[in-house]
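[1] Coordinates for the following, if possible.
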Amino acid sequence: MIGPEQIAPEQIAYVNARIIDPASNTDTVGALVVFDDEIQAVGADLFPEGVPSHMKSIDCEGHVLCPGLIDMRVFVGEPGSEHNETLATASQAAAAGGVTTIIVMPNTSPVIDDVSLVDFIRRRSRDTAIVNVFPMAALTKNLDGEQITEMGLLLEAGAVAFTDGRQSIMSAQLMRSALSYASTFDALVVHDAEDPSLAKDGAMNEGELASRLGLRGIPTAAETIIVERDMALVKLTGGRYHLAQLSCADTLRVVAQAKKDGLDITCAVSTQHLTLNENDVGDYRTFFKTSPPLRSEDDRLAMIQGLQDGVIDVIVSGHDPQGPASKRLPFGEAAFGTVGLETMLPIALELVHNEQLDLMTLLRAMTSTPADILGLSSGRLTPGAPADFAVLDLGAPYIFVAETLKSRSKNSPFDGRKMQGRILKTIVGGKTVYDYEDQLS
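    Residues are numbered from 1 along each chain as shown. Sure thing, here's the model as predicted:
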């Protein structure tokens, strides 16, 4: 309970909210108090006699108030490909989607493989972004898979993990060395698992549909083989390992066994692989060309089961903006990638509305779990934590229109899709960075 003597003029109370905090497994009707840039108090009985008159009060009208989402896999064009996305536009898209922290990949030009580039991302985001931005640094110099970067210096500069983004490390010896080296700093190695020799020239999931469409397929083995190798190397080195995205049941079984064996591994799945399958490619629709490719319906259902069972830890957007010049091409020639920051939560809520996943599990995979993996203080609603949270109308129905995206690129596979669930407010560091009502004026 908060008494009047504890109330400062700068305090803001978000009242009449359904407070959902996966970190503490809390789901209750109550209030949350923000002081400056931190959460000061949260609970069901903060104001038994009403909010004091000198405190600003915001009525959440019974809607969900949850931690701001943390997206662990965001590709941004800055520096080098600002025509696709900048840190500023990506942050605006994130705010509209209830995402308060984005982790950007090192696949830029120049590559984020040097202290000066990490510093550039941190400074540039402070100047232009409206959400928190943290970079993953390259695992190998220039993403060439040959020489490990200076992890210690990059960590000190602000990198939160190490990855080669879209590229897989094909040398087992180099991956072993990277995991061993990273373990001396307790650093996280994030890997995109796809054997390029099996995936070469592939455009979609290998199978009957690819054959009928006359497209070269990418087998699930291209993913599973690399993950099996990586699990052996994690066992050998004791390193911390995160699988950036998995897409098929075969890989899920490998990860499940590795976790049973006690290996220090985590993994993520994208919202696209939870809600779409290979049939959505349909009539050569390039906005459905993703990496890894959309798999079979059985694989999609396995991803949902993996979340339910706790084998899959994190949900990511896989935000990868591509301009019209790289998407409006024959399917086999079009670039891989979709945007996803603004649709990550609304599209994933389909699983909740369809009773395939409970809301607490869904939000945990987007908030407290990625925060724990990356060592961030956000992703939870506790006193002293950063005031990063979102207010969500779970029941709001609408038809998604890609042209309304804040992202500079519009390559969304969900254009025209009926959705249920809308972000009403996004707060970062105690400041409102997105308000749906403002978009209507």
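[2] For G152, which non-adjacent residue is spatially closest?
    F185 (5.8 Å; Cβ to Cβ, 6 or more residues apart in numbering). Glycine gets a C-beta too; all of them are placed from N, C-alpha and C.
[3] is it true that that neighbour touches L153?
    No. Counting by Cβ atoms under 8 Å, F185 does not reach L153; the two are 10.3 Å apart.
[4] Okay, the residue nearest to G152 and T237: tell me how far apart.
    From F185 across to T237, the span is 13 Å (Cβ to Cβ, to the nearest Å).
[5] what's the answer for A348, then?
    33 Å.
[6] which intervals of this protein have sub-threshold pLDDT?
    Low-confidence segments of the chain, defined by pLDDT under 70, are located at 1-9, 441.
[7] Let me see the domain layout of it.
    Structural domains assigned to the chain are 4-65+387-407+418-440, 68-374, following automatic domain parsing.
[8] Please name whichever of those domains is nearest to L381.
    Nearest to L381 among the domains of the chain is domain 4-65+387-407+418-440 (4.0 Å), distances taken as Cβ to Cβ.
[9] Can you give the distance from the closest one to the centre of its chain?
    The chain centroid and the centroid of domain 4-65+387-407+418-440 are separated by 21 Å under Cα atoms, centre = their mean, to the nearest Å.
[10] Buried ones in stretch 43-56, by neighbour count?
    G43, L46, F47, V51, P52, M55 (16 or more other Cβ atoms under 10 Å).
[11] In a markdown table, list those along with distance to Q11.
    Formatted as a markdown table, the buried residues of stretch 43-56 follow (distance: Cβ to Cβ, whole Å):
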| residue | distance to Q11 |
| --- | --- |
| G43 | 15 |
| L46 | 11 |
| F47 | 11 |
| V51 | 10 |
| P52 | 9 |
| M55 | 5 |
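[12] With distance to L381 added, can I get the domains of the chain in a markdown table?
    A markdown table is the format used below for these (distance: least, Cβ to Cβ, whole Å):
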| stretch | distance to L381 |
| --- | --- |
| domain 4-65+387-407+418-440 | 4 |
| domain 68-374 | 9 |
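[13] out of these, deepest packed?
    Across the domains of the chain, averaging neighbours per residue (mean count of other Cβ atoms under 10 Å) puts domain 68-374 on top, at a mean of 21.
[14] Look at Q272 and tell me its secondary structure.
    When classified by DSSP: H, G, I helix; E, B strand; the rest coil, Q272 comes out as helix.
[15] I'd guessed it sits against P292; true?
    No. Taking contacts as Cβ under 8 Å, Q272 lies outside contact range of P292: 9.6 Å.
[16] how about the strands of the stretch 51-200 of the chain, start to end?
    Assigned by DSSP state E, counting those that start in this stretch, the strands in the stretch 51-200 of the chain fall at 56-59, 64-67, 69-74, 99-104, 132-135, 137-138, 162-163, 188-191.
[17] Format the CA atom coordinates belonging to the lengthiest helix in the chain as CSV.
    Longest helix in the chain, counting residues (DSSP state H): helix 221-237. Only the C-alpha atoms of helix 221-237 are listed here, as CSV (Å, rounded to 0.1, in the frame of the first residue of the first chain):
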residue,chain,number,x,y,z
ALA,A,221,18.2,-31.6,-42.7
ALA,A,222,20.1,-28.3,-43.6
GLU,A,223,19.0,-27.0,-40.2
THR,A,224,19.2,-30.2,-38.1
ILE,A,225,22.7,-31.2,-39.2
ILE,A,226,24.2,-27.9,-38.0
VAL,A,227,22.3,-28.0,-34.7
GLU,A,228,23.4,-31.6,-34.0
ARG,A,229,27.0,-30.5,-34.6
ASP,A,230,26.6,-27.5,-32.5
MET,A,231,25.2,-29.5,-29.6
ALA,A,232,28.2,-31.7,-29.6
LEU,A,233,30.5,-28.6,-29.5
VAL,A,234,28.5,-27.0,-26.7
LYS,A,235,29.0,-30.3,-24.7
LEU,A,236,32.7,-30.2,-25.5
THR,A,237,33.3,-26.5,-24.6
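[18] That helix - contacts with which helices or strands?
    Counting contacts by 3 or more Cβ pairs under 8 Å, 6 or more residues apart in numbering; DSSP states H and E, helix 221-237 packs against helix 172-183, helix 196-199, strand 240-243, helix 249-260.
[19] what's the next secondary structure element after the second one?
    Translated: helix 196-199. Heading C-terminal from helix 196-199, the first helix or strand you meet, by DSSP states H and E, is strand 204-205.
[20] orientation of the host helix or strand of I427 relative to strand 69-74 in degrees?
    I427 belongs to strand 418-428 when elements are defined using DSSP H and E. With axes from the mean of the first three to the mean of the last three Cα atoms, to 10 degrees applied, the angle from strand 418-428 to strand 69-74 works out at 100 degrees.
[21] Tell me which strands strand 418-428 pairs with, and in which orientation.
    Using DSSP bridges, the strands paired with strand 418-428 are strand 389-399 (antiparallel), strand 431-435 (antiparallel).
[22] So which of those is nearest T367?
    strand 389-399 (9.3 Å).
[23] Just the residues contacting the closest one, thanks.
    For strand 389-399, contacts defined as Cβ atoms under 8 Å, 6 or more residues apart in numbering pick out 14, 17, 32, 39, 60, 63-69, 98, 100, 345, 349, 352, 359, 381, 416-427.
[24] Try it again at 7 Å.
    60, 63-68, 98, 381, 416, 418-427 (Cβ atoms under 7 Å, 6 or more residues apart in numbering).
[25] again with stretch 47-67
    1-2, 4, 7, 9, 11-21, 31-32, 363, 367-368, 378-381, 388-394, 424.
[26] Now go through the residues you listed and say which are in strands.
    Secondary structure defined by DSSP state E assigns 12-21, 31-32, 389-394, 424 of those to strands.
[27] Next up, the contacts around Q167.
    With Cβ under 7 Å, 6+ apart, Q167 has these contacts: L143, G145, D192.
[28] Nearest to F75 among those?
    Using Cβ to Cβ, D192 is the member of those that sits closest to F75, with 11.3 Å.
[29] Could you check how far the closest residue to the closest one other than its chain neighbours is from I312?
    Spatial nearest neighbour of D192, excluding adjacent residues (Cβ to Cβ, 6+ apart): A244 at 4.6 Å. The gap separating A244 from I312 is 12 Å, by Cβ to Cβ.
[30] Just list the residues touching the closest residue to L236 other than its chain neighbours, thanks.
    The shortest distance from L236 to any non-neighbouring residue, by Cβ to Cβ, 6+ apart, is to R176 (6.4 Å). R176 sits next to L233, L236, T237 when contact means Cβ under 7 Å, 6+ apart.
[31] Which of the residues you listed sits closest to D127?
    Using Cβ to Cβ, the contacts of R176 come closest to D127 at T237, 38.5 Å.
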